[in-house]
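1. mind looking at a prediction? Sequence and model below.
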Amino acid sequence: MVRCGSVWFRKYGNFIDNLRLFTRGGSGGMGYPRLGGEGGKGGDVWVVAHKKMTLKQLKDKYPQKRFVAGEGANSCVNALKGSRGKDCEIPVPVGISVTDENGKIIGELSKEKDRILVAEGGLGGKLLTNFLPLKGQKRVIHLDLKLIADIGLVGFPNAGKSSLLSQVSHAKPAIADYAFTTLQPELGKIVYNDFRQISVADLPGLIEGAHMNKGMGHKFLKHIERTRQLLFVVDISGFQLSSQTQYRTAFETIILLTKELELYKEELQTKPALLAVNKMDLPGAQDMFHVLMNQLQNPKDFLHLFKKNMIPERTVEFQHIIPISAITGEGIEELKNYIRKSLDEHANQENGARGIRWLEVGEIGERWSQDVVCGRRPRGFWEL
Ligand SMILES: Nc1nc2c(ncn2[C@@H]2O[C@H](COP(=O)(O)OP(=O)(O)OP(=O)(O)O)[C@@H](O)[C@H]2O)c(=O)[nH]1
Ligand SMILES: [Mg+2]
């Protein structure tokens, strides 16, 4: 635990979603002026995707985070053409985007064995270079995980996100009755009876003003971008950060969360979302749940109660609303089934959408010639 003001925070967990690395291509080998010999080219540095790799493993294996390729061999009497330096491969997980120091995207690794050249080796000494070798390219790169989980848990602090993760998976996140217990995403897997697995990211809680970076809001909101779907988790009894801040009902927390997502990035609202209404074991929870459902069904009738700048442009349309208790386990099986259903439904839609895609430039020529042979009129896009 670390102390921050009057609040105790748990130290960062094991999860890493980005890493900064230093890379340098190998230097070329010396040329041999007297005999016109050419030094070997320095090795290149590549980033290569491996299914089983994680950024944490990469960091643990290479704590110095420096990757330098081998030098090209000097030209000599026995081998006038010096041999090439050894390439260096950086093993990274699948689903990584690689950017340079300025945030410019160098490339993305979406499937096993995808590879990207990040730092080229220097040329060996030759006539053109006065037989002097060139140094390899130096580059600092950033690796960012594009997607950390299928489902991201979104909610105010204390809503019970970590408790829920511990109910649905073997993960053992810290749970406590103070705000901001979770400071880093914690991953767990729901394993169904047929061994299907769905990954869930327990995310740090958001508060009002998160889009303005309140409560480390930006850092926390960034994680939400990296999940396929959202599971809002709200405490049926509402939320109050401290005695100095306003109490918010469950409905208000949903509206405020929606607004925070919208203000951070509107695209976040296009992600499919489910709502788990938690702590249904508390006294009076059923009555509060009826009130909440009424509010969610007719949100416009209640939005006038909010300050103008807190009203979202669009209210989230939840695919399903499931009352649960992360303590007693009530509703958890239904929730797991709805999560699975929602992911499957959207996977089908994504596949359907992929049925139409723009052709790569090279492919267009190929398709055109095929179509001309078949006597059809070429088009810009194709149903595949
Ligand atoms: N009665 C009741 N208490 C719950 C339930 N779920 C969680 N809690 C309690 O609520 C408190 C907060 O739970 P957490 O799981 O740490 O909440 P969180 O959303 O992960 O909080 P942060 O990490 O701070 O964002 C703990 O004291 C839990 O025991 C529930 O279903 N019923
Ligand atoms: Mg938590």
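-> Structure received. Ligands and ions are numbered 1, 2, ... in the order given.
2. flag every residue of the stretch 151-300 of the chain that's near ligand 1.
-> Within the stretch 151-300 of the chain, the residues that sit near ligand 1 (Cβ under 6 Å from any ligand atom) are 155, 157-163, 175-177, 179-182, 204-205, 278-279, 281-282. Bear in mind the C-beta positions are built from the backbone N, C-alpha and C, glycine included.
3. so how do I select the buried members of those residues in PyMOL?
-> The PyMOL selection below is limited to those of those classed as buried (16 or more other Cβ atoms under 10 Å):
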select buried, resi 155+157+158+159+160+161+162+163+175+179+180+181+182+204+205+278+279
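4. just the ones in strands from the residues of the stretch 151-300 of the chain next to ligand 1, please.
-> Using DSSP state E, the subset of these located in strands is Asn278.
5. among the residues of the stretch 151-300 of the chain next to ligand 1, which ones are in helices?
-> Here DSSP state H is the test, and these give 161-163 as lying in helices.
6. and Phe239, how far from ligand 2?
-> Phe239 is 13 Å from ligand 2, where distance means Cβ to the ion, to the nearest Å.
7. what about that residue, neighbour count?
-> 24 (other Cβ atoms under 10 Å).
8. my guess is it meets Phe156, correct?
-> Yes - the pair Phe239 / Phe156 is scored as a contact, 4.4 Å apart, by Cβ atoms under 8 Å.
9. got any residues that touch both of the two?
-> 248, 253 (Cβ atoms under 8 Å, 6 or more residues apart in numbering).
10. what sits against the residue lying closest to Pro93 once chain neighbours are set aside?
-> Distances taken as Cβ to Cβ, 6 or more residues apart in numbering put Met53 closest to Pro93, at 4.8 Å, once the chain neighbours are dropped. Counting by Cβ under 8 Å, 6+ apart, Met53 touches 91-93.
11. top of the residues you listed by neighbour count?
-> Val92 (25 neighbours).
12. gap between that residue and Phe239?
-> 38 Å (Cβ to Cβ, to the nearest Å).
13. what about stretch 215-234, how long is it end to end?
-> Counting by Cα to Cα, to the nearest Å, you get 18 Å between the two ends of stretch 215-234.
14. quick one: the helices in the stretch 1-150 of the chain?
-> Applying DSSP state H, counting those that start in this stretch to the stretch 1-150 of the chain gives helices spanning 55-61.
15. show me where it has strands.
-> 2-4, 7-9, 18-24, 45-49, 66-68, 88-92, 96-100, 105-109, 115-119, 138-145, 149-154 (DSSP state E, counting those that start in this stretch).
16. Phe251: which of those strands is closest?
-> strand 149-154 (15.6 Å; Cβ to Cβ).
17. mind listing what the nearest residue to Leu132 once chain neighbours are set aside touches?
-> Using Cβ to Cβ, 6+ apart and skipping residues adjacent in sequence, the residue nearest Leu132 is Gly125, 5.0 Å away. Gly125 makes contact with 28-31, 38-39, 75, 131-133, according to Cβ under 8 Å, 6+ apart.
18. just the buried ones from the residues you listed, in ChimeraX syntax?
-> A single ChimeraX command selects the buried members of the contacts of Gly125 (16+ other Cβ under 10 Å):
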select :28,29,30,31,38,39,75,131,133
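19. what's the closest of the contacts of Gly125 to ligand 1?
-> Gly28 (52.9 Å; Cβ to the nearest ligand atom).
20. poorly predicted segments of the protein, please.
-> 1-15, 350-384 (pLDDT under 70).
21. for ligand 2, what are the nearby residues on it?
-> 162, 181-182 (Cβ under 5 Å from the ion).
22. hmm, 8 Å instead?
-> 157, 161-163, 165, 173-176, 181-182, 186, 202, 204-205 (Cβ under 8 Å from the ion).
23. quick check: longest helix of this structure.
-> Longest helix in the chain, counting by DSSP H: helix 332-354.
24. about what we covered before: quick one, phi psi at the residue nearest to Pro93?
-> Met53 has phi and psi values of phi -80, psi 150 when expressed as degrees, to the nearest 10.
25. break this protein into its domains for me.
-> Domain assignment for the chain by automatic domain parsing gives 2-145, 149-345.
26. near ligand 1 at all, the first one?
-> No - Domain 2-145 stays out of contact with ligand 1 when judged by Cβ under 6 Å from any ligand atom, the minimum separation being 8.9 Å.
27. and the residue of the stretch 251-384 of the chain that's closest to ligand 2?
-> Ala326 (10.8 Å; Cβ to the ion).
28. now name the helix or strand holding that residue.
-> Ala326 belongs to no helix or strand when assigned by DSSP states H and E.
29. let me see the contact set for the residue nearest to it when sequence neighbours are not counted.
-> Closest residue to Ala326 apart from its sequence neighbours, by Cβ to Cβ, 6+ apart: Ser163 at 3.8 Å. Ser163 makes contact with 175, 278, 326-327 under the criterion Cβ under 8 Å, 6+ apart.
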